[in-house]
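Asks: Build me a structure from this.
(one chain, ligands or ions: 1)
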Amino acid sequence: MISCQIFGNPIETGAVVDEEHLVSYEKVSEESLPETRLFSYELDQKDIVYGLGETMGGINKRGKSYVSYNTDDPHHRQSMPSMYGAHNFFIIDGKEPKGVFVDSPARVTFHVDVNHSGVVEVIVESADVKLYTISGDGAYDITRQFLNIIGRSFIPPLWAFGYGQSRWGYKNHKDIDKVVAEYKKVDIPLDYICLDIDYMDRYIDFTINEKRFPNMKEYVEEKKKEGIHLVPIIDAGVKVEPGNETYEVGISNGYFATNEEGGPFHAAVWPGMTHFPDFFQSATREWFGSEYHKLTDLGFEGFWNDMNEPSIFYSEYSHKQNKIDQILDFLMPSRAEKKEGSKNNSYHDYKHFYHMVEGKRRNHHDVHNLFGGLMIRASGEGLSKLLNKRYLLFARSSYIGAHRYGGIWTGDNHSSFEMLQQNLSHMASLNMCGFLYSGADTGGFGGNCSRELLLRWLAFSDFTPLMRNHSALGTKKQECYRYDQPEDFKRIIALRYRLLPYLYSEFMKAALNKDMYMKPLGFIYPNDEKARACEDQLLVGEGIMIAPILEEGRTKRKVYLPEEMIGVRFDGDHFAEKKFAAGEIEIDVPLNEVVFFIRKDHKVCIANKLVKSTKDLNLRDVKYLGYDVEYEQYKDDGESKL
Ligand code: GLC
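Replies: Got it, this is the predicted structure:
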């Protein structure tokens, strides 16, 4: 059962679509709330708090405070209260399980059993807010009710489930050709390469640097024939420059967010001074979405959206010193750790710009958390009109609701085992909020990735819908072929491609049925205390449980089996199966192998042949692993709109 209490006059965030009229609404007050405690709850000792999407911490969110205030802070650490997304949905899973969704685009703080207080508190900042509460039969049932009212998750084309290589620093077609050739040489499958900001003319959205990519249209086509899609980045800020068509059209139609004086707001990002499209206006969204034709006309079918918190280096109201500070912080992470103010955006800047929201001029700060998600919506709606098939889109900043238009990645993590663990917890909480198509920068964005870390991380990313290796300028190059014995990397990535018929089928079923693709163990085994407490294993689709190696220097790990399961060991070629009784076991996992488990009375379809890219994948040419039961495989052409 879902009820919604309405306080004041909340703006329509678009998070809830409730097509089936499942929610009962109640207007509580005409007045907006002052900064106040919207919700509080006393926890039992054994209650688990699940959710909150893209926040640091484990699957169980107890013991920390979290602040929804979308932030570009590239120094990911356990103490950071905010990341790039605002996903205000959580579940208290105890005797009377309860789901809570705080629908507000303003800042919201969640204190979850901080210092063992035993209390969950939600503080909203001067907000007009909708408070949804959901009761049901456990965490999984409540999540499915929530997924039902927020609408169907984004569905990308099949090729978006392949392996993708990316790096900030690929400058021209020669760099890209080299990546393709080197992957071919070591015979590792590859489906797409991301183009970071250097493909553009001076970082100007919807342009191409023609010196670097002289015949982009032919080039995109040529790569597609080789089974490689090119996926360019689009940033939130439009460069202020007469002659930049996007800028000129934006200015003459009033499509940009405004400053104190009512003119367009100036903020510096990668291209220098930019204006931000006022994504709150439907005309702006339609225009920005249609701008993609400049790239879809060249044959591109996939994109990533970045800097959409929005990230601001400095604005017309702040000082350039911010930028110098950030560069120093990036080069010296320990310097950034010491202060909380190292973010690429500031409260101060946000206080000085405005949007037209439902016909009223509103300060950015009050609607901040919605900005990034509305960029995803603008991009997704535009692409859906422009392409006669599915598109790939993943973005950095988001709000619930944006999951219907695109996926997300979890931003600028770094090369450490701690971040790999975080990736696992994120997958559980993001799935709860509808962001099924998600993943992290595999190998880590900042810092230097060791061979061991990349192999272990790939072995986990084998199961995440977005499987992209991405790294930052200035870090050690992270493509698989640069490491010793690339055949080990091939073995790990081969598993992804062999498993794709199952992974794709399970993703599609989850999306189409408004269900989760990855789940914490406690969702399926709610009466099993050990399963509920498990923080380092996940369920993937209906049939698979994974227990990846998440610690450095380990070649063994303990695995908890809540029921009898078949363990599958993949050595790059063969799948060896072995049955295990329920309970705790220890497994050996050499660096070049992957072990996963098939749940009792389930089976998994795998591709008979290893392909070089999904272009050659035949979803119908499969065999089975696991128990002797029926499996209904979802199959389609991988690209038609649904
Ligand atoms: C941001 C993005 C990162 C990208 C970089 C340059 O830091 O999060 O993925 O590589 O900008 O565009």
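
Asks: What residues are bridge-paired with Val124?
Replies: Beta-bridge pairing of Val124, defined through DSSP bridges, involves Thr36, Val108.

Asks: Show me which parts of the longest helix along the chain are buried, residue by residue.
Replies: Using DSSP state H, we find that the single longest helix of the chain is helix 486-512. If you call a residue buried by 16 or more other C-beta atoms under 10 Å, then helix 486-512 has these buried ones: 486, 488-511. Where you see a C-beta, it was placed from the backbone N, CA and C, and this is true even at glycine.

Asks: and what of stretch 53-70?
Replies: Within stretch 53-70, the residues scored as buried using 16+ other C-beta under 10 Å are 53-62, 64, 66-70.

Asks: Direction included, what does the helix or strand just after the longest helix of the chain pair up with?
Replies: Downstream of helix 486-512, the next assigned helix or strand under DSSP states H and E is strand 518-519. Applying DSSP bridges to the sheet, strand 518-519 is found paired with strand 538-540 (antiparallel).

Asks: Phe489 and Phe596, how far apart?
Replies: Per C-beta to C-beta, to the nearest Å, Phe489 is found 18 Å from Phe596.

Asks: related to what we said a few turns ago, give me the average confidence score over the longest helix of the chain.
Replies: Averaged across helix 486-512, the pLDDT comes to 98.

Asks: how about the residue of the stretch 101-250 of the chain found nearest the ligand, what does it touch?
Replies: Nearest to the ligand in the stretch 101-250 of the chain, going by C-beta to the nearest ligand atom, is Trp168, at a distance of 3.4 Å. Trp168 is in contact with Asp196, Ile197, Asp198, His470, Ser471, Ala472, Leu473, counting by C-beta atoms under 8 Å, 6 or more residues apart in numbering.

Asks: And the pLDDT at it?
Replies: Looking at Trp168, the pLDDT reads 98.

Asks: What is the neighbour count of Ile358?
Replies: Wrong residue type there; residue 358 is Glu, not Ile. Using other C-beta atoms under 10 Å, Glu358 has 11 other residues around it.

Asks: so is the closest residue to Gln78 other than its chain neighbours in a helix, a strand, or just coil?
Replies: Spatially, and ignoring its direct neighbours in sequence, Gln78 is nearest to Met56 (5.4 Å; C-beta to C-beta, 6 or more residues apart in numbering). Using DSSP: H, G, I helix; E, B strand; the rest coil, the structure places Met56 in coil.

Asks: Mind checking what secondary structure Ile234 has?
Replies: Here Ile234 is recorded as strand under three-state DSSP.

Asks: what's the spacing between it and Val119?
Replies: Counting by C-beta to C-beta - Ile234 and Val119 are separated by 42 Å.

Asks: Where do the strands of the stretch 1-150 of the chain begin and end?
Replies: All strands of the stretch 1-150 of the chain, identified by DSSP state E, counting those that start in this stretch, fall at 2-7, 23-29, 36-42, 48-51, 64-68, 85-86, 89-93, 98-103, 108-112, 119-124, 129-135.

Asks: Quick check: which of these is buried the most?
Replies: Sort the strands of the stretch 1-150 of the chain by mean neighbour count, taking mean count of other C-beta atoms under 10 Å, and strand 85-86 sits at the top with a mean of 33.

Asks: Report the mean per-residue pLDDT for that one.
Replies: For strand 85-86, the mean per-residue pLDDT is 98.

Asks: Kindly report the same for stretch 549-566.
Replies: For stretch 549-566, mean pLDDT is 98.

Asks: next one: stretch 47-56
Replies: Regarding stretch 47-56, the rounded mean pLDDT is 98.

Asks: Help me see whether it makes contact with the ligand, please.
Replies: No. Applying C-beta under 6 Å from any ligand atom, one finds stretch 47-56 out of contact with the ligand, separated by at least 13.1 Å.

Asks: picking that back up, now the residue nearest to Gln78: how far from Pro520?
Replies: From Met56 to Pro520 the distance is 17 Å (C-beta to C-beta).

Asks: what residues does this protein put near the ligand?
Replies: Counting by C-beta under 6 Å from any ligand atom, the chain sits next to the ligand at Trp168, Asp196, Ile197, Ile233, Asp306, Arg396, Gly411, Asp412, His470.

Asks: which ones among these are found in strands?
Replies: Among these, the members falling in strands are Ile233, Asp306 (criterion: DSSP state E).

Asks: Do a quick rundown of the helices in the stretch 201-350 of the chain.
Replies: 216-225, 245-253, 282-291, 293-296, 321-331, 333-338, 347-350 (DSSP state H, counting those that start in this stretch).
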